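Visitor: This is the structure alone, sequence omitted:
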Ligand code: SF4
């Protein structure tokens, strides 16, 4: 499994490096700004934004609140059409299942389409350990695989790379000079990847949604690679979180229309692929065998808790594009898989808050993420809940707890409030030069306090 856990210091250290790199700052800034403005335009065109968000929330939460019933209905429907379904409690179980499928088919080459769930379980590493070569076919993921790096954005995994970076990487891989021109770079990717689709023994994809009513797997891509991966190899394995289930086929159009608009500003993502079972008699393409592997890996712990709404996420990436913290620190600081506000909430919930204590603090709590979310997940409120949990579970330093206890004590009386606010005017300059105050003020401007307090100016 990808190591989602991280020390309290990791975020700060990586973020500092990104902040000091003007090339990365410019790449993230322009890309996230473009994605954000496309989303805003696409939503404006649609209208009735709040009604549509509420409907999406209702569809997602209805499915999640009966998750076991829906998974069972999905299993019945897919098995009736000749597919196989497995529910895996851990990353290790899911990896073992896929490796076993590969071994039974004597597979040597796996073609993969972009999937955050497979990143989460570290599938490529597990396949490699079993002697199976796995090749990413999404352009951004392929670039990262060649560089041995992880995605830094859930929709645009290589968002920090410029066309010059990609041209350099492809030139090295192909052994010929690839100019930094978009058409040339794309042609190079085609030369490198096309044969992989034909040669692969097994195709692995994620799923954007799975439909309980019909046993249908839905994947959307802009490059068409997901469709090739799911159609050309003899075996198709789908790996997806248990929460990606929706009840009915009728729920799909609404969610797909919001997903495309929120992710990239498109009315619909270029390729929407619906698969219900393996190839049937008389059909010209499609796999002979299909396996759907549902991943729990900590998700079940969120059911019936104050964090349940996080399971409604449709991985559109909108919250990343508007987050002032993500837009400066970039994705790597959050860990190897989920980044931005959705990652700051989800990762601690999956691995345990003590394993990722810095992430709930990676937010200004401005609420832009909540406002951008097409399924109305109250992200900034969940971040606050996680901060409360950190305090309750004593995952904060004794110094911090003492400071906040004294503050709380002082402001619980009128006298204490007046005294502390009077002292603050004299003490804040001193506080910004020593101890934690100095660290806090090292990359912020500390404004001077007003000479007269508001309450004294009457
Ligand atoms: S939390 Fe909301 S905005 Fe963020 S990725 Fe998930 S669905 Fe999109």
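Guide: Good, I have the coordinates. All of these numbers come straight from a predicted model, not from anything done at the bench.
Visitor: Pull up the distance across stretch 264-280, start to finish.
Guide: Start and end residues of stretch 264-280 are separated by 34 Å (C-alpha to C-alpha, to the nearest Å).
Visitor: quick one: is it near the ligand?
Guide: No: with C-beta under 6 Å from any ligand atom as the criterion, the ligand is not reached by stretch 264-280; the gap is at least 12.1 Å. (C-beta placed from N, C-alpha, C; glycine too.)
Visitor: do the same with stretch 320-333
Guide: No: between stretch 320-333 and the ligand, judged by C-beta under 6 Å from any ligand atom, nothing touches; the nearest distance is 6.9 Å.
Visitor: who's in contact with that stretch?
Guide: Residues outside stretch 320-333 that contact it (C-beta atoms under 8 Å, 6 or more residues apart in numbering): 10-11, 14-15, 18-19, 24-25, 28-29, 32-33, 35-36, 39, 150-155, 159-160, 334, 339-343, 362-364, 366, 368-369, 371-372.
Visitor: if we look at the ligand, which of those are close to it?
Guide: Within these, those near the ligand by C-beta under 6 Å from any ligand atom are 342, 372.
Visitor: Give me the subset of the contacts of stretch 320-333 lying in helices.
Guide: Among the contacts of stretch 320-333, the ones falling in helices (DSSP state H) are 10-11, 14-15, 18-19, 24-25, 28-29, 32-33, 35-36, 39, 340-343, 368-369, 371-372.
Visitor: Can you say which of these are buried?
Guide: 10-11, 14-15, 18, 24-25, 28, 32, 35-36, 39, 340-343, 368-369, 372 (16 or more other C-beta atoms under 10 Å).
Visitor: Alongside the ligand, which residues does this structure contribute?
Guide: Checking the chain against the ligand by C-beta under 6 Å from any ligand atom, the hits are 313-319, 342, 372-375, 377, 379.
Visitor: phi, psi of residue 216?
Guide: Dihedral angles of residue 216 (phi, psi; degrees, to the nearest 10) stand at phi -100, psi 140.
Visitor: if I look at it, how far off is the ligand?
Guide: 21 Å (C-beta to the nearest ligand atom, to the nearest Å).
Visitor: Setting the sequence-adjacent residues aside, check what's closest to that residue.
Guide: Nearest in space to residue 216, with sequence neighbours left out and distances taken as C-beta to C-beta, 6 or more residues apart in numbering, is residue 276 at 4.5 Å.
Visitor: Equivalent analysis for residue 450, please.
Guide: In space, residue 450 is closest to residue 425, 7.9 Å off (C-beta to C-beta, 6+ apart).
Visitor: Isn't the one you found up against residue 449?
Guide: Yes: contact criterion C-beta atoms under 8 Å: residue 425 and residue 449 qualify, at 4.5 Å.
Visitor: Tell me the buried residues in the worst-scoring helix or strand of the chain on mean pLDDT?
Guide: In the chain, no helix or strand scores lower on mean pLDDT, DSSP states H and E than helix 435-442, which sits at a mean of 72. Using 16+ other C-beta under 10 Å as the test for burial, helix 435-442 gives residue 437.
Visitor: Show residues contacting that helix.
Guide: Helix 435-442 is contacted from outside by 399-400, 403, 431-433, using C-beta under 8 Å, 6+ apart.
Visitor: taking those one by one, which sit in helices?
Guide: 399-400, 403, 431.
Visitor: Quick check: of those residues, which lies closest to the ligand?
Guide: The ligand lies nearest to residue 400 out of the ones in helices among the contacts of helix 435-442, by C-beta to the nearest ligand atom, at 27.9 Å.
Visitor: For whichever strand or helix holds residue 274, which outside residues touch it?
Guide: Using DSSP states H and E, residue 274 sits in strand 271-275. Strand 271-275 has contacts (C-beta under 8 Å, 6+ apart) with 216-224, 226-227, 230, 236, 256, 286, 290.
Visitor: And for stretch 136-151?
Guide: 2, 111-114, 116, 119, 124, 135, 156-159, 161, 165-166, 169, 172-173, 186, 189, 192-193, 196-197, 221, 223, 225-226, 228-229, 331-332, 336-337, 339.
Visitor: Tell me who's in contact with the residue nearest to the spatial centre of the chain.
Guide: Taking C-alpha atoms, centre = their mean as the criterion, residue 338 is the residue nearest the geometric centre of the chain, at 3.7 Å. Residue 338 makes contact with 4, 116, 120, 154, 346-347, according to C-beta under 8 Å, 6+ apart.
Visitor: Quick check: the two most widely separated of the residues you listed?
Guide: 4 and 154 (13.8 Å; C-beta to C-beta).
Visitor: Please type out the ChimeraX selection for whichever of the contacts of helix 435-442 turn out to be buried.
Guide: A single ChimeraX command selects the buried members of those (16+ other C-beta under 10 Å):
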select :432
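Visitor: Let me have the contacts of helix 435-442 in a markdown table, adding pLDDT and distance to residue 89 as columns.
Guide: Converted to a markdown table, those look like this (pLDDT from 0 to 100; distance: C-beta to C-beta, whole Å):
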| residue | pLDDT | distance to residue 89 |
| --- | --- | --- |
| 399 | 79 | 39 |
| 400 | 78 | 35 |
| 403 | 83 | 41 |
| 431 | 71 | 49 |
| 432 | 72 | 49 |
| 433 | 73 | 52 |
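Visitor: circling back to that earlier point, list the contacts for the residue nearest to residue 216?
Guide: Residue 276 neighbours (C-beta under 8 Å, 6+ apart): 77-78, 81, 214-217.
Visitor: pLDDT score for it?
Guide: pLDDT recorded at residue 276 is 96.
Visitor: can you check residue 453 too?
Guide: Reported pLDDT for residue 453: 75.
Visitor: Hmm, it is touching residue 423, no?
Guide: No: counting by C-beta under 8 Å, residue 423 is not a contact partner of residue 453; they are 11.4 Å apart.
Visitor: I'd like the next helix or strand past the helix or strand that residue 164 is a member of.
Guide: Take DSSP H and E as the rule and residue 164 turns out to sit in helix 163-174. Downstream of helix 163-174, the next assigned helix or strand under DSSP H and E is helix 182-199.
Visitor: that older thread, what pairs with the strand holding residue 274, parallel or antiparallel?
Guide: strand 216-221 (antiparallel) (DSSP bridges).
Visitor: buried set for the partner strand?
Guide: Residues of strand 216-221 classed as buried: 216-221 (neighbour count, 16+ other C-beta under 10 Å).
Visitor: would CSV of those with pLDDT and distance to residue 252 be doable?
Guide: Shown next, in CSV, are the buried residues of strand 216-221 (pLDDT from 0 to 100; distance: C-beta to C-beta, whole Å):
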residue, pLDDT, distance to residue 252
216, 98, 8
217, 98, 12
218, 97, 7
219, 96, 12
220, 96, 11
221, 94, 16
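Visitor: Quickly name whichever of these is closest to residue 89.
Guide: Among the buried residues of strand 216-221, and counting by C-beta to C-beta, the member closest to residue 89 is residue 217, at 20.8 Å.
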